[in-house]
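Colleague: Quick one: sequence and predicted model below, then my questions.
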Amino acid sequence: MIHSVFTGFDHILLEVALAVLPLILFFTVFQIFFLKLSLKKVWKTMFGILLTFLGLSFFLQGVSVGFFPAGQAIGEILGQNSQSWLYLPLIGFLFGFVATFAEPAIRIMNHKVEKVTAGSISGNVLLLTLSIGVAISIALSMVRILLGIPLWIIVIPGYMAALLLIRFSKKRFVTIAFDAGGVATGPMTVTFIMAIAVGVANVTEGRDPLLDGFGMISLVALTPILSVLVLGLLYSKKEEQLYDRSETTLQTDHHDRQKETSK
């Protein structure tokens, strides 16, 4: 059994080595000419690169023997039922929400946003917003596969809506939104959810797994942009209300002081 789990692992080790090697060369050049770190720090950095190499290798092997086959099998089972149109969008929504909630790259980005904004943008609120956004995109992908809707019918209006929302959004939310769109297409979504979509398209009559199963990632990249921009508008509205309330309080206090002075 162990042998079957590690089938093709040598090929993955080679691919990861080729991916990591340029980074090592880049670091070596900077170390020699610019950084000049102590030997202790160099060893620490190299140990970190070794852990990255091993982590990526085992992750990709796990995806190859675990996530992809399991996701595709789940998709095929879900898509075989003649009543699948009743529950597939809902299941897609739940899968999308859970996968995004567990996505490590999104948690790292949310932590950075909360830290840089000194807590004014909550990481938990951002995580919930992105999870809902990706969940909607997966549900839409399932509907698209079931009904055979061309991808451009969803993507073009979606990006037009994003461009419209940018006009009314604050700059800090625009930058976060477009970064969130890329981060949401992380390993959990790409490896597991996409395999489910391919599995559903594979067993749905009249659907091509290549044309209908793929394309989901483009929707996953789009909906977080929209959800974060909408969140930004809600934040702006809340800030305006707080500002108006404080202005009213100041005017009331000023009026009261004037009345006391006139007595």
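Modeller: Done, it's in. Numbers count the residues shown, from 1 in each chain.
Colleague: tell me, which helix in the protein spans the most residues?
Modeller: Determined from DSSP state H, the single longest helix within the chain is helix 216-262.
Colleague: Quick check: pLDDT value at M1.
Modeller: pLDDT for M1: 68.
Colleague: follow-up on the earlier one: elements contacting the longest helix of the chain?
Modeller: The contact analysis (3 or more C-beta pairs under 8 Å, 6 or more residues apart in numbering; DSSP states H and E) places helix 216-262 against helix 123-147, helix 151-168, helix 171-183, helix 194-203. For glycine as for every other residue, the C-beta is placed from the backbone atoms N, C-alpha and C.
Colleague: The most centrally placed residue in the chain and G206, how far apart?
Modeller: Closest to where the C-alpha atoms of the chain average out (C-alpha atoms, centre = their mean) is A184, at 1.0 Å. From A184 across to G206, the span is 30 Å (C-beta to C-beta, to the nearest Å).
Colleague: Could you check how far V228 is from V113?
Modeller: To V113, V228 is 10 Å away according to C-beta to C-beta.
Colleague: More neighbours: which of the two?
Modeller: Taking other C-beta atoms under 10 Å, V228 and V113 do not tie; V228 has more neighbours (28 against 21).
Colleague: Pretty sure the more buried one sits against S131.
Modeller: No: applying C-beta atoms under 8 Å, one finds V228 not in contact with S131, separated by 11.8 Å.
Colleague: thinking again about what came up before, could you work out which of the helices and strands packed on helix 216-262 reaches nearest to L25?
Modeller: For the helices and strands packed on helix 216-262, the distance to L25 is smallest for helix 171-183, at 25.7 Å, taking C-beta to C-beta.
Colleague: avg pLDDT for the closest one?
Modeller: Per-residue scores along helix 171-183 average to 88.
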